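*Asks:* Quick one, fold the following:
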Amino acid sequence: MGRKWAAVATAVAVFIAFAASVGVSSTAGATPTVTRTAAQAAGAGARAAGCTNAHGTHRAHCYLAVAPANAPRASARSTTTCAVDESAGYTPCNLQAAYGLTKLSASHGKGVTVAVVDPNDDPSAEADLGVYRATYGLPKCTTKNGCFRKVDQDGVQGSYPAADPGDAQEIALDIDMVSAVCPHCHILLVEADSNGFGDLGTAENEAVTLGAKVVSNSWGTGEFDGETGWDGDWDHPGVAITFSSGDAAYGGGVQYPSASPYVTSVGGTELTPATTTRGWTEAAWVTPGRPITQGSGSGCSAYEPKPAWQTDAGCANRMTADVSAVAADVLSYDTYGSGGWVYEFGTSVSSPITAALYGLANNPGGAAIPASAAYAARATTRHDITKGKTGACSPLYFCKAAKGYDGPTGLGSPHGIGEFVVPYVAPPTIDGVAFTGPTSAPTVTISGSNLGATAPTGSAINCFGGDTGDTFGSTGLWFADTNASWTAGQAGDCIGIVLQSWSTTQVVFQLGNGYDHYQPIAHGDAIEVEAEGTTFGGFLP
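*Replies:* Have a look, this model is predicted:
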């Protein structure tokens, strides 16, 4: 039996075994029915996708659990109405209606490229996407018509990494959710060679190089010492980068790269039909159980500095999540890893939905970090989620939905696209760099324009992570001592960078004497500074 057919056979076997637990009837010649409890609709009994397995340091896993759905029932759903059938899973029309997007989804996002970055290959990605979109009356999105494109981490079409059924489940979900919310967006699927952060970072940067204005990521791992050294891969000013906040509820700990200050951290909610004006109620996503083991991830980062636009008082560092969207009971179609229609659960659902919202907004780029826009948006642009608790915590908002900002749901779920419209901020320009002061602690003065809207934040490098406090985009600041043949970047390089002063036209840093890993600088050394992709040179006095 060939490898692909073996995978399909396994998926079919899983479906048959699982059918009884969700009450699926498959009597020949009859239309199968589904009876599901509220707990099952929230994710109880769903099985972790294969991509949840991660081995070794600096390796990611996805945030996804799946339960086989009933294919005839799913495909029989009307493509012209928005009737809600919770037992059959939520459709694109349901999602658009729940978040006030029906008219926007029909007209916005044309030509905007939303990238999806995942490890390994889904050989059936385009074909499965075609079935999903046709089922729900969405316009075709194919390689032939230019809407869909699949490449490897180096941007090459036709040369893909090894196929993986677990990652295929994730890939299918991601591109389906982008389609559901922004059916006119173009989709760029970038497949990394592995789930290692090195390969995933390469894929992330390639997505931006190929023109993506938005990049969706549904993977990560628990925080770790030295994570700030990877932040440069997600630091693309003007490009919206979304990351899932995690699925192990508050007890699972803060997840990275969701905790990076350069990304939009996306939590999860559960939508329930209601006889309200909106037609829905919404709560923080959490699967029933004691102890709570599955739900929207959140918390206060142990390593990442707090962004200037985040103002909650209980966490001195970066807090997750920023925003949220539905993370339960949504349908997707995947034949390589799942054998067809599946119910999807996890913040792997909410991240691509949020990416699609940025796609609808069609932001112009610039120097702003897109996550900041939600914090400046009016309260009417979101649904404030006030129900749901994902664990035991102090302060209570770390794990309990509450009025205003909270960890599991961030600022709330979308009401239109107002939270995702990013004001244009002109990128910085650098005119020159001057070196002055004593050799033991020289001063580096960077002059230009648009050097940040606020004073740089962060602390001196101290060998335990940290930040230069620079605001100079994805390249950050890189210092090179040509004489001693070393180059040091932002995080963890122990060259003692301290901010002395700041204005929009001039930033002054002092280099201390913390050269634990490098030969000390000396009088007359040739020094280079790379900022915003441009290298400036000079000699120490």
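*Asks:* Next, name the residue at the spatial heart of the chain.
*Replies:* F243 (1.6 Å; CA atoms, centre = their mean).
*Asks:* so which helix or strand takes in it?
*Replies:* strand 240-244 (DSSP states H and E).
*Asks:* same deal with R36?
*Replies:* Under the criterion DSSP H and E, no helix or strand holds R36.
*Asks:* gap between it and S348?
*Replies:* 20 Å (CB to CB, to the nearest Å). Every residue, glycine included, has its C-beta placed from N, CA and C.
*Asks:* same thing with L188?
*Replies:* 18 Å.
*Asks:* Between these two, which is the more surrounded one?
*Replies:* Set L188 next to S348 and count neighbours by other CB atoms under 10 Å: S348 wins out with 32 against 24.
*Asks:* Would you mind checking the average pLDDT for the helix or strand harbouring that one?
*Replies:* Using DSSP H and E, S348 sits in helix 347-361. Helix 347-361 comes out with an average pLDDT of 98.
*Asks:* next one: stretch 187-195
*Replies:* Stretch 187-195 comes out at a mean pLDDT of 98.
*Asks:* in that stretch, what counts as buried?
*Replies:* Counting neighbours by 16 or more other CB atoms under 10 Å, one finds that the buried residues in stretch 187-195 are I187, L188, L189, V190, E191, A192, D193, S194, N195.
*Asks:* Roughly how far does the last one sit from G253?
*Replies:* Think N195. For N195, the distance to G253 - CB to CB - is 19 Å.
*Asks:* Checking the nearest residue to the residue nearest to the centre of the chain once chain neighbours are set aside next. Helix, strand or coil?
*Replies:* Leaving aside its chain neighbours, F243 sits nearest to S258 (4.3 Å; criterion: CB to CB, 6 or more residues apart in numbering). Of the three states, S258 takes coil under DSSP: H, G, I helix; E, B strand; the rest coil.
*Asks:* Tell me the pLDDT of S258.
*Replies:* Model confidence at S258 (pLDDT) stands at 98.
*Asks:* show me the contacts for it.
*Replies:* For S258, the contact set (CB atoms under 8 Å, 6 or more residues apart in numbering) comprises G220, F243, S244, S245, G246, S265, V266, G297, T320, A321.
*Asks:* Please name the residues that touch the closest residue to Y99 other than its chain neighbours.
*Replies:* Spatial nearest neighbour of Y99, excluding adjacent residues (CB to CB, 6+ apart): P414 at 4.7 Å. Neighbour list for P414: Y99, G100, L101, V323, A325, T354, L357, T381, R382, H383, F420 [criterion: CB under 8 Å, 6+ apart].
*Asks:* P414 bridge partners, please.
*Replies:* R382 (DSSP bridges).
*Asks:* Against A98, how distant is it?
*Replies:* In this structure, P414 and A98 are 9 Å apart, going by CB to CB.
*Asks:* R318 against P305, yeah?
*Replies:* Yes. Taking CB atoms under 8 Å as the definition, R318 is a contact partner of P305 at 6.5 Å.
*Asks:* now the helix holding S348, how far from the centre of its chain.
*Replies:* 9 Å (CA atoms, centre = their mean, to the nearest Å).
*Asks:* and that helix, what other elements does it pack with?
*Replies:* On a contact count with 3 or more CB pairs under 8 Å, 6 or more residues apart in numbering; DSSP states H and E, helix 347-361 meets strand 113-119, helix 165-181, strand 214-217, strand 240-244, strand 264-273, strand 323-326.
*Asks:* can you redo the ones you listed as JSON lines with mean pLDDT and distance to G314?
*Replies:* Output for the helices and strands packed on helix 347-361, formatted as JSON lines (pLDDT from 0 to 100; distance: least, CB to CB, whole Å):
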{"stretch": "strand 113-119", "mean pLDDT": "98", "distance to G314": "32"}
{"stretch": "helix 165-181", "mean pLDDT": "97", "distance to G314": "31"}
{"stretch": "strand 214-217", "mean pLDDT": "98", "distance to G314": "26"}
{"stretch": "strand 240-244", "mean pLDDT": "98", "distance to G314": "22"}
{"stretch": "strand 264-273", "mean pLDDT": "97", "distance to G314": "16"}
{"stretch": "strand 323-326", "mean pLDDT": "98", "distance to G314": "18"}
